[in-house]
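Novice: The following comprises the amino acid sequence and a computationally predicted model.
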Amino acid sequence: SPFVICSSLDVTIDNHSPRHLKNNGSLLSNQMITSIKLHGILLWASMGFLMPMGILFIRMVNKANENGRNVRVFFYLHVIFQILAVVLATIGAIMSLRTLENSFNNNHQRLGLALYVAMWLQFLTGIFRPSRGSKRRLKWFLLHWILGTTVSIIGIINIYTGIRAYHKKTSSSRDSSIWTILFTAQLSCLVLFYLIQDKWEHFQKQRVVIDESDHHQNTNTSGRSNDQTIQVVTGNDQEQKVMVPQPCRKSNALVNLFKLI
Ligand code: HEM
Ligand code: HEM
């Protein structure tokens with residue numbers, strides 16, 4: 001029909017113009033597809049991998065030995081990964097704003113734009129942090145924690161919606177479902193990594209704990225191995241507090257915060 005001839009002519013003559021994308025986006029130039037792929041790869045690498053990895057590294061500080069060196073290594077890993085994440089996402093942002101439609105008429109695009117802004121805000125809060133122990137540090141940590149976690153989670157959601165948008169635009173169902181599965185597999189690896197590092201000391205202590213209980217069974221005939229008490233002598237002589245040792249709870253800054261409140 002004349003319409004088909006006309007629109008295909010349009011495509012061949014005006015290959016790089018975004019004009020023909022307006023008709024529900026089914027006709028895409030090769031250049032546009034390449035731009036979208038590059039956009040997807042950059043933002044996947046940034047918000048789908050580097051950013052969550054950076055967060056995992058700073059969480060490992062809590063577990064790191066008190067020798068100071070490890071702590072600093074994990075802090076630098078946090079900063080390096082977040083700098084890389086911001087650089088890649090910013091390149092992806094500039095690229096997509098220059099080559100894609102800029103219509104911002106769906107959630108992926110609007111949420112994406114908000115993410116670019118929030119990510120930069122987060123980066124700036126990271127750089128301008130008050131020193132540990134100062135008054136503003138607690139408020140800073142709350143902001144950095146909430147904004148950082150939110151950006152990372154919404155970033156992950158936006159990668160899923162991005163893969164869907166890619167599928168809609170290119171109508172290649174096989175392509176998009178495999179990327180969804182791959183991304184989910186990669187996220188599962190990150191979660192596994194988090195769980196392992198969280199339990200690492202526990203794994204290493206397995207033998208020690210068994211040895212200890214053997215020791216108690218041999219020496220402690222009463223069978224109660226945990227009957228030590230600590231007596232706290234207060235100013236008032238009559239009043240003595242008897243405290244039974246509690247098993248150590250793992251805590252992090254947020255738990256400490258709630259204890260404070
Ligand atoms: C967290 C990561 C991501 C963010 C922040 C993000 C952000 C954006 C933004 C702001 C736009 C609009 C650009 C413009 O029109 O100027 C856009 C469009 C688009 N993005 Fe993403 N994106 C992300 C991940 C992905 C991924 C992994 C893919 C998969 C290939 C993808 C595919 C697309 C597609 C196909 C469009 C075209 C417009 C549409 O129909 O939605 N995005 N993205
Ligand atoms: C967009 C980039 C960034 C994101 C998404 C991010 C995210 C986070 C998150 C979620 C935490 C809390 C981890 C936990 O659960 O304990 C955290 C902690 C921290 N971040 Fe970032 N961060 C970013 C950039 C930076 C930068 C650039 C710096 C410094 C130059 C920085 C310094 C810190 C420090 C010092 C902590 C530990 C605070 C404490 O435990 O007292 N962050 N970050």
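Specialist: That came through, no problem. Ligands and ions are numbered 1, 2, ... in the order given.
Novice: Contact residues of the protein facing ligand 2?
Specialist: By C-beta under 6 Å from any ligand atom, the residues of the chain that approach ligand 2 are 51, 55, 58-59, 75, 78-79, 82, 86, 119, 122-123, 126-127, 129, 141, 144-145, 148-149, 151-152, 252-253. Where C-beta positions appear, they are placed from N, C-alpha and C, glycine not excepted.
Novice: Now the buried members of those residues.
Specialist: 51, 55, 58, 78-79, 82, 86, 119, 122-123, 126, 141, 145, 148, 151-152 (16 or more other C-beta atoms under 10 Å).
Novice: Tell me which of these has the lowest pLDDT.
Specialist: pLDDT across these is lowest for residue 58, at 93.
Novice: coming back round to it: which single one of the buried ones among the residues of the chain next to ligand 2 is nearest to residue 186?
Specialist: Comparing those against residue 186 with C-beta to C-beta places residue 51 closest, at 12.9 Å.
Novice: who's in contact with the helix or strand that contains that closest one?
Specialist: Element membership of residue 51, judged by DSSP states H and E, is helix 51-63. Contact with helix 51-63 is made by 71, 74-75, 77-82, 85, 148-149, 151-152, 155-156, 187, 190, 193-194, 197-198, 200-201, 250, 252, as judged by C-beta atoms under 8 Å, 6 or more residues apart in numbering.
Novice: what does stretch 93-112 give?
Specialist: So stretch 93-112 is contacted by 18, 21, 31-32, 35-36, 38-39, 42-43, 113, 116, 154, 157-158, 161-162, 164-165 (C-beta under 8 Å, 6+ apart).
Novice: Point me to the residue of the stretch 1-150 of the chain nearest ligand 2.
Specialist: Going by C-beta to the nearest ligand atom, ligand 2 is nearest to residue 126 of the stretch 1-150 of the chain, at 2.3 Å.
Novice: The nearest residue to residue 159 once chain neighbours are set aside: what's it in contact with?
Specialist: In this structure, residue 159 finds its nearest non-sequential neighbour in residue 48, 4.9 Å apart by C-beta to C-beta, 6 or more residues apart in numbering. Residue 48 sits next to 155, 156, 159, 183, 186, 187 when contact means C-beta under 8 Å, 6+ apart.
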